[in-house]
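In: A structural model of the following input is requested.
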Amino acid sequence: MRLSSPDPLAGPRRPSRCVRQLQPHLLGLLLLTLTSCGGEAPPPRVELGEAPPPRVELGDLDALQAHGQLRILIPQVSGVDGLPRQVDLFDLERDLADSLSRVLGLEPVFVVVEERSALIEKLVAGHGDLIAANLTVTSERAERIAFSQPLTRVREQVVSRNDGPSIRRVKDLEGRSVVVRRSSSFWETVHALAADHPGIELVEAPENMDTEEILYRVSTGEYDVTVADDRLVSDALGYMPGLMVGFSLTEERPIAWGVRPGAPML
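Out: Residues are numbered from 1 along each chain as shown. Predicted coordinates for the structure are as follows:
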């Protein structure tokens, strides 16, 4: 199993119990805002994570209101030009985060983070206030940050090319190379499987490569196997005919926004 050196993120922090969810009414209000707003809101600002030097803010909603901004950390999308996507799931999540900002009376500022492994680091360090990055809620992540109410629920699925051997069970992964980002929940899942099935080769994808591009590289034969959320897989099957779904590795798990443990009002 191929492993790299430990991720150089800050040490674990356990969030307090009172900040694990956004206010219960908020998501419904945001969805209503997205579908019924009569006028066009001004476009959100977009900043690169490295320049200008990021403002450090570790406060709660009152501190954000004093600055007038909600800094939304988003991953840089590598993407593959020319793919006829049926729906952009990441754009939908960012639209919802944009609406959250406006409901709270704040200017949305999207801070683009090049490597996904740095998203939680930047949130905890105060360089952003919310992560909108299709984050699966895992116990490891919950040791460091708090999460909103679930935005949706997903299953992790095994995906390979449709002209190769089918993968219908964990044993079929032995002798195959599974390519995922180390910072992803998929890595945790496959790493646990590989402990009992040492024939599974776990290969680290670049942290600036999004899951869609990994799926594309599987469809072209550059990568052997990957793992992805069923929502994204279902969409990708519509424009990547070379893909084949094997089986689900997990039950449904929540996708949510990440927030700092010390921000219970968000």
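In: mind listing the strands in the protein by residue range?
Out: 45-48, 69-75, 107-113, 130-136, 146-147, 152-154, 156-161, 177-181, 201-205, 225-229, 243-248, 253-259 (DSSP state E).
In: With mean neighbour count, distance to residue 124 and mean pLDDT as extra columns, can I get these in a markdown table?
Out: C-beta: built from backbone N, CA, C; applies to glycine. Below are the strands of the chain laid out as a markdown table (neighbours: other CB atoms under 10 Å; distance: least, CB to CB, whole Å; pLDDT from 0 to 100):
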| stretch | mean neighbour count | distance to residue 124 | mean pLDDT |
| --- | --- | --- | --- |
| strand 45-48 | 13 | 18 | 55 |
| strand 69-75 | 24 | 11 | 95 |
| strand 107-113 | 20 | 13 | 95 |
| strand 130-136 | 24 | 10 | 95 |
| strand 146-147 | 26 | 11 | 96 |
| strand 152-154 | 17 | 24 | 95 |
| strand 156-161 | 23 | 25 | 98 |
| strand 177-181 | 22 | 19 | 98 |
| strand 201-205 | 18 | 23 | 98 |
| strand 225-229 | 25 | 24 | 98 |
| strand 243-248 | 17 | 31 | 98 |
| strand 253-259 | 22 | 10 | 96 |
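In: Just list whatever residues bridge to the nearest residue to residue 182 once chain neighbours are set aside.
Out: With CB to CB, 6 or more residues apart in numbering as the measure, residue 204 is the residue that lies nearest to residue 182, at 5.1 Å, once sequence neighbours are left out. Beta-bridge partners of residue 204, counted by DSSP bridges, are residue 180.
In: Okay, helices next: where are they in the stretch 51-200 of the chain?
Out: Along the stretch 51-200 of the chain, counting by DSSP state H, counting those that start in this stretch, helices occupy 61-67, 89-103, 119-124, 139-142, 185-196.
In: Can you say which of the strands of the chain is nearest to residue 216?
Out: Distance to residue 216, taken as CB to CB, is lowest for strand 243-248 among the strands of the chain, at 9.1 Å.
In: Next, the angle from that closest one to strand 156-161.
Out: 150 degrees (axes from the mean of the first three to the mean of the last three CA atoms, to 10 degrees).
In: Output the contacting helices and strands for strand 243-248.
Out: Using 3 or more CB pairs under 8 Å, 6 or more residues apart in numbering; DSSP states H and E as the contact test, the elements touching strand 243-248 are strand 156-161, helix 211-220, helix 230-236.
In: Export the ones you listed to JSON lines and append columns for distance to residue 123.
Out: As requested, the helices and strands packed on strand 243-248 are arranged in JSON lines below (distance: least, CB to CB, whole Å):
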{"stretch": "strand 156-161", "distance to residue 123": "23"}
{"stretch": "helix 211-220", "distance to residue 123": "20"}
{"stretch": "helix 230-236", "distance to residue 123": "23"}
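In: how about the ones you listed, which one is nearest residue 111?
Out: helix 211-220 (20.3 Å).
In: Low-confidence ranges, the stretch 1-150 of the chain, go.
Out: Along the stretch 1-150 of the chain, the model assigns pLDDT under 70 to residues 1-54, 78-88.
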